[in-house]
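Novice: got a sequence here, can you model it:
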Amino acid sequence: MSARWLLLVMFWAVPGWVVPVSAQQNVRVPVEQAGRTVQLAAQLFKPANATGRVPAVAIFHGCGGPGQNTARMAGLLASWGYAALVVDSFSARGLKDICGRNWPSQADAETRAPDIDAALAWLGTQSFVDPKRLAVMGYSYGGGVALLRALAPSPNSSGARAVVLVYPDCALADPLGPTLTVRQPTLFAMGALDDWTPPAQCRAVIDRIAKGRELVETRVYEGAHHSFDALGLPVRYLEGVGNRSKPGGCCGAHYGAHEPAWKKFVADVQAFLAKALAP
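Specialist: Take a look at the predicted model:
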């Protein structure tokens with residue numbers, strides 16, 4: 001399967017779930033990298049008719065870049081009364097689809113991790129956002145980066161009060177050591193049939209949590225593969241993609257929608273954030 005085809009799939013899967021469209025704005029989020037400032041493109045979704053300061057969620061995409069799934073979730077969050085910031089970690093760095101054989105390395109993930117701090121810091125300065133009610137949501141590779149940041153040995157300086165990890169690349173947490181600490185409510189949402197970022201890898205990470213285990217919630221959706229939220233896209237096998245869960249990191253994985261899992265996931269995220277970001 002060509003990288004071009006995969007990129008089109010990532011971006012243009014037809015949404016099968018209609019979400020009220022809220023006000024959107026293209027913004028830039030500055031992040032320091034190697035002695036220079038990189039201006040990350042981002043799309044801000046604001047809740048309609050909001051009064052006072054609202055909670056906010058920074059959303060981080062997977063290896064295909066921002067797509068219909070992240071935009072759909074941002075629209076849902078806005079309809080629930082949250083500000084949502086979809087951060088593009090790729091375009092300012094000249095990256096596009098990186099789902100091919102050169103799957104993102106540990107170093108790539110560590111370079112991207114400060115994007116989370118920068119996005120939350122940016123949200124915290126907005127007059128309509130409550131800086132004490134910020135969350136992070138990461139998908140796949142972006143979920144692995146969010147996990148890496150959430151489990152960092154030093155306390156999270158960005159102020160995230162909650163973390164949602166959507167079929168995350170949990171193998172990125174391997175170098176963090178045998179004993180881990182969770183400092184904020186964290187939700188793992190995974191497909192039971194995921195062979196790209198398997199739930200077993202995340203269970204292995206959770207088993208290493210010595211402090212804050214009570215803050216972790218897990219949801220495993222039966223019958224669902226990786227990217228169960230890619231509504232309108234039948235499950236396919238992507239032969240050429242890198243896969244960290246296979247020997248040598250290569251190759252092949254299943255990918256595609258599972259609408260029952262998506263519906264459960266939406267309900268789970270809504271309940272989790274309502275509790276974790278309560279005033």
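
Novice: in stretch 223-230, what counts as buried?
Specialist: Judged by neighbour count using 16 or more other CB atoms under 10 Å, the buried positions of stretch 223-230 are 224, 225, 226, 227, 228, 229, 230. The way it works is simple: take the backbone N, C-alpha and C, and place the C-beta from them, glycine included.

Novice: which helix or strand contains the second one?
Specialist: Spelled out, that is residue 225. Here residue 225 is covered by no helix or strand, with elements defined by DSSP states H and E.

Novice: follow-up on the earlier one: considering the buried residues of stretch 223-230, which is situated nearest to residue 242?
Specialist: Proximity of the buried residues of stretch 223-230 to residue 242 was ranked by CB to CB; the top entry is residue 226 with 12.8 Å.

Novice: and the buried residues of stretch 223-230, which is closest to residue 210?
Specialist: Within the buried residues of stretch 223-230, the smallest distance to residue 210 is 29.0 Å, found for residue 226 (CB to CB).

Novice: for the closest residue to the closest one other than its chain neighbours, give its distance to residue 27.
Specialist: Distances taken as CB to CB, 6 or more residues apart in numbering place residue 196 nearest to residue 226, at 4.1 Å, with adjacent residues excluded. In this structure, residue 196 and residue 27 are 31 Å apart, going by CB to CB, to the nearest Å.

Novice: more neighbours: those two, which one.
Specialist: residue 196 (27 against 15; other CB atoms under 10 Å).

Novice: now do the contacts for that one.
Specialist: 140, 167, 225, 226, 241, 243, 245, 253, 254, 255 (CB atoms under 8 Å, 6 or more residues apart in numbering).

Novice: if you set the cut-off to 7 Å instead, what comes out?
Specialist: Neighbouring residues of residue 196 by CB atoms under 7 Å, 6 or more residues apart in numbering: 226, 243, 245, 253, 255.

Novice: next up, phi/psi of it, please.
Specialist: Main-chain torsions, residue 196, degrees, to the nearest 10: phi -100, psi -50.

Novice: please apply the same query to residue 227.
Specialist: Reported as degrees, to the nearest 10, the phi and psi values for residue 227 are phi 60, psi 50.

Novice: repeat that for residue 64.
Specialist: With angles defined as degrees, to the nearest 10, residue 64 shows backbone torsions of phi -90, psi 0.

Novice: ok, how many other residues are close to it?
Specialist: As a burial measure, residue 64 scores 26 neighbours (other CB under 10 Å).

Novice: thought it was touching residue 99?
Specialist: Yes - here residue 64 reaches residue 99: they are 5.7 Å apart, a contact under CB atoms under 7 Å.

Novice: looking at this structure, which helix is longest?
Specialist: Ranked by number of residues, the top helix in the chain under DSSP state H is helix 259-276.

Novice: and the residue nearest to residue 226, what's its pLDDT?
Specialist: Looking at residue 196, its pLDDT reads 96.

Novice: need the contact list for the nearest residue to residue 256 once chain neighbours are set aside.
Specialist: Distance criterion CB to CB, 6+ apart; nearest residue to residue 256, sequence neighbours excluded, is residue 235 at 3.2 Å. Residue 235 makes contacts with 225, 254, 256, as judged by CB under 7 Å, 6+ apart.

Novice: make CSV out of the residues you listed and add distance to residue 152 and pLDDT.
Specialist: As requested, the contacts of residue 235 are exported to CSV (distance: CB to CB, whole Å; pLDDT from 0 to 100):
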residue, distance to residue 152, pLDDT
225, 30, 98
254, 31, 97
256, 33, 97
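
Novice: nearest to residue 133 among those?
Specialist: residue 225 (32.8 Å).

Novice: which residues does the closest one contact?
Specialist: When contacts are counted by CB under 7 Å, 6+ apart, residue 225 is found next to 191, 193, 194, 235, 254, 255, 256, 258.
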